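Asks: Requesting a structural model of the entry that follows:
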Amino acid sequence: MGEKRTEKNEWGMEKSGRDKLTGLFDASSYIKTLNEIQASGGPYGIIVMDLNELSLINDRFGEDIGNQILVVTAKKLKNCIRETDMVFRTGGDEYTILIRGACDPEFYEEIIDRVRESMNRKVVLTEAAIRVGIGLGYARYPENGDNYKNVIKAADSVLFQDKRLQKLPQRADAGVEYRLSHDSLTGLYNRRGFENAVRIHLNEYPDVPRVMLLTNFKEFKMINQLFGVEKGNEVLVRLSNLIRERCGHGNVCGRIESDRFALLLDRTSFREDYLRDTLEHFCDNLLGSDYQVRLQIGIYEVNEPELDVFGMCDRADMAIRSITQDRMLSVAWYKEDLMTDTLFENTILSRFDSALKNGEFIPYFQPQVDSEGKLIGAEVLVRWDFPGRGLLHPKAFIPVLEKAGQIVRLDCYIWERSAEFLEKWKGTAMGEVPLSINISPRDLYYVNLDEYFNDLIKRHHLEPGQLKLEITESTFMADPTQGAALVQKLRNNGFVVEMDDFGSGYSSLNMLKDIHVDVLKIDMGFLHRTENEDRARIILDFVISMAKTLGMEIITEGVETSEQLEFLTRMGCSIFQGYYFSGPLTLSEFSEQYYPESEEINQVV
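Replies: As a prediction, this is how the structure comes out:
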């Protein structure tokens, strides 16, 4: 007797079993094949499908009809795939297509469209002509999971969400319905699909407590600018895979706009500590050590299930906008007082244009002096003379303008006003006082600062040294190389560059090594933000000594007591800024305090 021949499938794997009814490979063959493919390390993908309400068809027409439908469905699926792909019957009414090789999402969507079109036609049998509803989902390795179990989970999650949409009124073209309800990049629900699925879910389970989560990548546009759109898309796909894997049955997830994902989750099983651990692991070193992704999560506890779905998302978004920390991962819950804050923010933004035109933003000047109080310079700050509310402190409106991308316009306004003052003061004692102006992180990306400031001093007939440019340490953190090049250009053109808030970040010494500035501004809060003030004083002493060795000036901000002044003077500081000498002053207050007898200055002020 000759050696028994082992039949193999199209992948070169042994066939371990066939389904007796349909002739397809069975569930055991499916798992064995996946194990072998996983071991080989090659890319693959799966499309999972099940038939809707087959049990009802069996009850109405009999099991023979149901079995005939299963056989016809198997034939239809085999006609929808390539010769190199495989179809398995993995459960009673469940099928899986195994796709060989690396294929893009569009390829999977084409097959899904083909399957939907084929299944949308009635199954014509001797006894009846029946249209069978189906649910579909797909996932790819390694994009949607790091092993075949996670790939199956990801595909099942998409299938579960797709089946929910089957409860919506059916469209003639189910393939179009899928594309209209799903995001082509991630395979999750899109905005429309998410809204419909959430509403169905809440109507079906009105008594189940829920939370709505919304994600937000801070400065996601910068990721696209620094690393390219393809890398940005990769980040979105990786997060969508994580969401799909962890979302689980009974919950709903979707990508509702560019970099934002929304999730409706069961409140009873939701754990914030688990969410934090999972997302911190995801964010850590996502784009390498040179750029830290910052992910924000807003959470709204759904206590008004009848609320519009995107009204729930808006409340989660209000929680995001309440976040003030600049961390790798920040999580905030919605509270009712956030609604009041949001209305105020909307008021700020709606009045912003007219405020610029009407001159409602008032420059203030905080003196920079020596230990005897002699004026050396001033930092230009801003207050908003808000109609009906009086003067607003910058903390009330600067964060709002930063979030809305409007801070660049306010900065340019203050820079222009500062240059106008210096031009007007020419030939007076005040004309000798340099003004320090602030540069926000967004300015670095939306303004060609080198060209802007060169043009500014030419238009106002100033010397570059009259404007000192304050750039916060955090501004450089996203792209230290670009920051270093910009600083060098500005210094080469004669501008004095100051690094503000030095010591507030976690890579201050690297900044000092790579970015050559003229002045370090150190906030006295550095001493107070620690329980060990003695150690902080030692570190501060070394920073001051190091800066002097590197040829940099030191300005100490936040000086409030004579003891602080004496302590800093002993360390070698010579320029001070703080309420011990003076708070921010209006222009008239500034001139009266430092030039009370000057008629010349009174005329120009």
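Asks: For residue 133, which non-adjacent residue is closest in space?
Replies: Counting by CB to CB, 6 or more residues apart in numbering, residue 52 is the residue found nearest to residue 133 once chain neighbours are left out, at 3.5 Å. For every residue, glycine as well, the C-beta is placed using N, CA and C.
Asks: Tell me the secondary structure at residue 474.
Replies: helix (DSSP: H, G, I helix; E, B strand; the rest coil).
Asks: pretty sure it is touching residue 441, no?
Replies: Yes - contact criterion CB atoms under 8 Å: residue 474 and residue 441 qualify, at 6.4 Å.
Asks: the more surrounded of the two?
Replies: Between residue 474 and residue 441, residue 441 has the larger neighbour count (other CB atoms under 10 Å), namely 18 against 14.
Asks: Run through the residues that contact the nearest residue to the more buried one once chain neighbours are set aside.
Replies: Excluding its sequence neighbours, the residue lying closest to residue 441 (CB to CB, 6+ apart) is residue 475, at 4.4 Å. Residues in contact with residue 475 (CB atoms under 8 Å, 6 or more residues apart in numbering) are 439-441, 444, 483.
Asks: Same list as before, those residues that is, but in CSV and with distance to residue 571, pLDDT and secondary structure included.
Replies: Below are those laid out as CSV (distance: CB to CB, whole Å; pLDDT from 0 to 100; DSSP: H, G, I helix; E, B strand; the rest coil):
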residue, distance to residue 571, pLDDT, secondary structure
439, 28, 93, strand
440, 30, 89, coil
441, 30, 84, coil
444, 31, 83, helix
483, 28, 81, helix
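Asks: Check those against residue 183 and report the nearest one.
Replies: Nearest to residue 183, judged by CB to CB, of the contacts of residue 475 is residue 441 at 30.0 Å.
Asks: Relative to residue 343, how far out is that closest one?
Replies: Distance of residue 441 to residue 343, computed by CB to CB, to the nearest Å: 27 Å.
Asks: Scan the contacts of residue 475 and report the most crowded one.
Replies: That'd be residue 439 among the contacts of residue 475, by other CB under 10 Å, with 22 neighbours.
Asks: who touches that residue in this structure?
Replies: 411, 449, 469-472, 475.
Asks: hmm, back to that, any idea how far the residue nearest to residue 133 is from residue 402?
Replies: Residue 52 is 49 Å from residue 402, by CB to CB.
Asks: repeat for residue 281
Replies: From residue 281 to residue 402 the distance is 28 Å (CB to CB).
Asks: Next: residue 498.
Replies: Following CB to CB, the distance that separates residue 498 from residue 402 is 20 Å.
Asks: Just the buried positions in the strand or helix carrying residue 349, please.
Replies: Using DSSP states H and E, residue 349 sits in helix 337-358. By neighbour count on 16 or more other CB atoms under 10 Å, the buried set for helix 337-358 is 338, 342, 345, 348, 351-352, 355.
Asks: Adding distance to residue 319 and pLDDT, write those out as a markdown table.
Replies: What follows is the buried residues of helix 337-358, written out as a markdown table (distance: CB to CB, whole Å; pLDDT from 0 to 100):
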| residue | distance to residue 319 | pLDDT |
| --- | --- | --- |
| 338 | 7 | 80 |
| 342 | 10 | 79 |
| 345 | 13 | 86 |
| 348 | 19 | 93 |
| 351 | 24 | 94 |
| 352 | 23 | 96 |
| 355 | 27 | 96 |
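Asks: Now do the SS call for residue 366.
Replies: Under three-state DSSP, residue 366 comes out as strand.
Asks: Tally up the residues packed near it, please.
Replies: 20.
Asks: again with residue 184
Replies: There are 11 residues near residue 184, going by other CB under 10 Å.
Asks: What confidence value was assigned to residue 97?
Replies: The score at residue 97 is 96. That number is its pLDDT.
Asks: My guess is it contacts residue 87. True?
Replies: Yes - judged on CB under 8 Å, residue 97 makes contact with residue 87 at a distance of 5.5 Å.
Asks: quick one: common contacting residues for those two?
Replies: The contact lists of residue 97 and residue 87 share 77, 81, where a contact means CB under 8 Å, 6+ apart.
Asks: if we can go back for a sec, for the helix holding residue 349, enumerate the helices and strands it packs against.
Replies: With contacts taken as 3 or more CB pairs under 8 Å, 6 or more residues apart in numbering; DSSP states H and E, helix 337-358 sits against helix 309-321, strand 375-386, helix 394-403, helix 407-424.
Asks: Pop the domain breakdown of the protein in here.
Replies: 1-181, 187-335, 342-604 (automatic domain parsing).
Asks: And the residue nearest the centre of this protein?
Replies: Taking CA atoms, centre = their mean, the centroid of the chain lies closest to residue 217, which sits 0.3 Å from it.
Asks: Compute the number of surrounding residues for the closest residue to that residue other than its chain neighbours.
Replies: Among residues not flanking residue 217 along the chain, residue 259 sits closest, at 4.7 Å (CB to CB, 6+ apart). When counting by other CB under 10 Å, one arrives at 19 neighbours for residue 259.
Asks: Mind pulling up the pLDDT for residue 259?
Replies: 92.
Asks: The one 5 residues further on too?
Replies: According to the prediction, residue 264 has pLDDT 94.
Asks: Output the helix or strand that contains it as CSV, restricted to C-alpha atoms.
Replies: Using DSSP H and E, residue 264 sits within strand 260-266. Only the C-alpha atoms of strand 260-266 are listed here, as CSV (Å, rounded to 0.1, in the frame of the first residue of the first chain):
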residue,chain,number,x,y,z
ARG,A,260,-11.1,62.4,17.7
PHE,A,261,-12.6,59.1,18.8
ALA,A,262,-15.8,58.7,20.9
LEU,A,263,-16.8,55.7,23.0
LEU,A,264,-20.1,54.9,24.8
LEU,A,265,-19.2,52.5,27.6
ASP,A,266,-21.0,50.6,30.4
